[in-house]
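**Student:** Following is a predicted model, sequence given first.
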Amino acid sequence: MSTLSWAQGNLELALFQSEATLISNNELYVWLANSELPQEIIIRLRQLTTYTKKVGQKVFAVGKIILLKLIQFIKQHPHLVTGIGMGATLGLSVQYLVSSIPFIGAILAPVAGAISATLGIAILGIAGHRLDKRSQGLKISNGIIGIAEDAIEITKVFFEFIADVFNTVFHAVIIAWLYSF
């Protein structure tokens, strides 16, 4: 991935800002409420939409831009996100169950939770990724090589998403801030 120039960073940030301006906070809240997320997460994500950053003479809705990028990622990879969420839930459930064992539960719970969450996220994340690929009409490889390919694809997609957010929002804000002096 190449680094954005000052002009590219400003252009991308302006485009994301215009996209963020077109969608009201209420529309985002309705989408979050309809996504059947827990109420605590919806509240935290709604708080994220209020985070802004003033750069020069402009105010950018950085939190809203990040949330829009996250929604875009979820829409592109719905089964992957579901699989990862189910894996994390499985890990927390195992941790809770193990912690209820008298005497040694408190000692074993963190380890059991970490192992089950890691395995659950990996297995269910790969299953979700395969469902996303299947729904897009892409070929799925079987066997250990296919699983390794899927793990690499998931890692690549995730880090592209993170890099896109950081490169677009934070790099552009820093560059615009530096050039505002």
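**Tutor:** Sure thing, it's come through. Residues are numbered from 1 along each chain as shown.
**Student:** switch to C-alpha atoms for all contacts and neighbour counts from now on
**Tutor:** Will do.
**Student:** residues near residue 14, how many?
**Tutor:** Residues lying near residue 14 (other Cα atoms under 10 Å) number 15.
**Student:** need the strands for this protein, in chain order.
**Tutor:** Along the chain, counting by DSSP state E, strands occupy 53-55, 58-60.
**Student:** Give me the nearest residue to residue 114, chain neighbours excluded.
**Tutor:** Spatial nearest neighbour of residue 114, excluding adjacent residues (Cα to Cα, 6 or more residues apart in numbering): residue 91 at 6.6 Å.
**Student:** What is the longest helix of the chain by residue count?
**Tutor:** The helix spanning the most residues in the chain, taking DSSP state H as the definition, is helix 105-135.
**Student:** That one packs against which elements?
**Tutor:** Helices and strands touching helix 105-135, by 3 or more Cα pairs under 8 Å, 6 or more residues apart in numbering; DSSP states H and E, are helix 78-99, helix 143-165.
**Student:** Let me know which of these is tucked in deepest.
**Tutor:** Comparing the helices and strands packed on helix 105-135 by mean neighbour count (mean count of other Cα atoms under 10 Å), helix 78-99 comes out on top with a mean of 20.
**Student:** Please name every helix or strand in contact with it.
**Tutor:** Short answer (3+ Cα pairs under 8 Å, 6+ apart): helix 78-99 packs on helix 105-135.
**Student:** Can you name the residues that contact the residue at the greatest distance from the centre of the chain?
**Tutor:** Residue farthest from the centre of the chain, counting by Cα atoms, centre = their mean, is residue 103 at 37.5 Å. Contacts for residue 103 (Cα atoms under 8 Å, 6 or more residues apart in numbering) come out as none.
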